[in-house]
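Asker: What would the 3D arrangement of this be:
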Amino acid sequence: MHPSSLLSYYPTYALLDEIMSKNDYKTLNLFFDLKNNLQSTYMEHAIVNIVNSSKKAKMLDTSIFSSVVSFLSFHKMWATKRAADINFFIFFETGHSYYHKNISKTYKISRKIDDLYGLDREDRELFFRVLHANFQLIERAFNLMPKIKVIRLNHLEADFVPYYLITRNMVEASPNHANVIYSNDHDLYQCLNDNTYVFAKAGRVKKILQKGEIMQTFLKRNSNIPEEYYPLAMAIIGDIGDDVIGVKDVGPARFIDVFPTLVELTGDMETIYQKIKSKTPLFNPLSDKIQNKILKKIIDAESTKQKITKNLKLVSFELLSRELDDPSDTQMIERLELIKKTLNDNRYVPCENMKQELIKTGVMLEQASIDFLYL
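Answerer: Here you go, the predicted model:
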């Protein structure tokens, strides 16, 4: 099947130009949320085509890999025409996140794959073999091409990767560099800063989100709440998409109403993170005097079930990043080493050699698509 039918997350050149003009940027760091952008792969027509194509050709369909090639080539052509530099960072995970499941067994439970539109067992197994093969090819091949890094984490959510790389200065962060994240996952709003943007696409609507728009976008109303409290808002209101259940009866409007008093009781986000680390109570000992019913619900949810603490551990990129900064188990140490190794490995296979190897694996290359990635 044609690659564009699997990955339709393309911006317009005008949108890319708009970003670069915001601060006269010379370089674009593009962070690509692979699985989020490949959601069309799990639609019925895509599954059937992938399975049938693999059966007919008697080799695994590689259209997923080809779709990413076309996507990156599109951006490389834009950068070449604009005399701009571009770096690609592709991130995704495989397997359930042990870190998150240890906090909540119901985390992302609703995202379990169903029966794949009635496919029999043999076809289901074939489809997942195709996915696995394409993800392996994406990781191995692109990491051997210039200015492309693929970070694939086993049993750890990869959504936090752009945040970690940017906040820990693991990517170039000069004023001449713009960071753009391609994802519809609002968790990634945590990454927004002066030089970091999120490109979101819903149907035909394409938009660029930037610093200053986080709370209004999430709460769907105006407020004066500082953006540093975005993880706290998600923890209390909840995140339906990830099956993070918030405090009952507390929605955006009520969160805004109680926010000033709430912060008086907890302190700023750094204080909250320190309390979570030291396992001290999240709220200062003033709860007996609280008369507001909604605020009491929030306090009770924390004191009886540690709901806010647990939810913050699930949604906060900063808390997960700190776990990686100071890993307490071998799995976290391995994830950190993998990220560092991937970023520091500058080996690459020459273009003609790469094309020959890809053809051997059954990849159908569009004319000049790989060539553009080597410009």
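Asker: can you pull out the strands in the stretch 101-250 of the chain?
Answerer: 148-154, 177-182, 196-202, 205-209, 238-239, 244-245 (DSSP state E, counting those that start in this stretch).
Asker: Of all those, which one is nearest L312?
Answerer: strand 244-245 (9.8 Å; C-beta to C-beta). Placement of C-beta: from N, CA and C, glycine included.
Asker: List the contacts of the closest one.
Answerer: 104, 106-107, 234-235, 238, 307, 311, 314-315 (C-beta atoms under 8 Å, 6 or more residues apart in numbering).
Asker: Looking at those residues, spot the one nearest K35.
Answerer: Y107 (15.8 Å).
Asker: and the closest one, what are its phi and psi?
Answerer: Dihedral pair for Y107: phi -60, psi 120, per degrees, to the nearest 10.
Asker: all numbers from here: first residue = 121
Answerer: Will do, 121 is the new start, and the previous item becomes Y227.
Asker: how near is the residue nearest to it when sequence neighbours are not counted to L458?
Answerer: Excluding its sequence neighbours, the residue lying closest to Y227 (C-beta to C-beta, 6 or more residues apart in numbering) is H220, at 4.5 Å. Plainly put, H220 is 18 Å away from L458 if you go by C-beta to C-beta, to the nearest Å.
Asker: just to revisit the earlier point, got the strands of the stretch 221-370 of the chain as TSV, with mean neighbour count columns?
Answerer: Below are these laid out as TSV (neighbours: other C-beta atoms under 10 Å):
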stretch	mean neighbour count
strand 268-274	20
strand 297-302	24
strand 316-322	19
strand 325-329	14
strand 358-359	20
strand 364-365	18
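Asker: What is the neighbour count of F255?
Answerer: 20 (other C-beta atoms under 10 Å).
Asker: What residues of the longest helix seen in the chain count as buried?
Answerer: Counting by DSSP state H, the longest helix found in the chain is helix 241-262. Residues of helix 241-262 classed as buried by neighbour count (16 or more other C-beta atoms under 10 Å): 243-244, 246-247, 250-251, 253-255, 257-259, 261-262.
Asker: I286: which of those is nearest?
Answerer: Lowest distance from I286 to the buried residues of helix 241-262 (C-beta to C-beta) belongs to F262, with 20.2 Å.
Asker: Just the buried residues of stretch 128-145, please?
Answerer: The neighbour-count check on stretch 128-145 (16+ other C-beta under 10 Å) flags 129-131, 135-136, 139-140, 145 as buried.
Asker: got it, and stretch 356-371?
Answerer: Neighbour-count burial for stretch 356-371 flags 356-359, 362, 364, 366-367, 370 (criterion: 16+ other C-beta under 10 Å).
Asker: Determine which two of those are furthest apart.
Answerer: Greatest spatial distance in the buried residues of stretch 356-371: D362 and V370, 17.1 Å, computed using C-beta to C-beta.
Asker: still on that earlier bit, which one's more surrounded, H220 and L458?
Answerer: Each of H220 and L458 has its neighbours counted (other C-beta under 10 Å); H220 has more, 20 against 15.
Asker: can you tell me the helix or strand for that one?
Answerer: helix 218-223 (DSSP states H and E).
Asker: elements contacting that helix?
Answerer: When contacts are defined as 3 or more C-beta pairs under 8 Å, 6 or more residues apart in numbering; DSSP states H and E, helix 218-223 sits against helix 427-435.
Asker: at 10 Å what do you get?
Answerer: helix 427-435, helix 437-445, helix 450-464 (3 or more C-beta pairs under 10 Å, 6 or more residues apart in numbering; DSSP states H and E).
Asker: can you list those helices in CSV and add distance to K267 and mean pLDDT?
Answerer: Converted to CSV, these look like this (distance: least, C-beta to C-beta, whole Å; pLDDT from 0 to 100):
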stretch, distance to K267, mean pLDDT
helix 427-435, 31, 97
helix 437-445, 24, 97
helix 450-464, 12, 96
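Asker: Do you know the pLDDT at the closest residue in space to K460 that isn't next to it in sequence?
Answerer: Closest residue to K460 apart from its sequence neighbours, by C-beta to C-beta, 6+ apart: M290 at 7.9 Å. Per-residue pLDDT puts M290 at 96.
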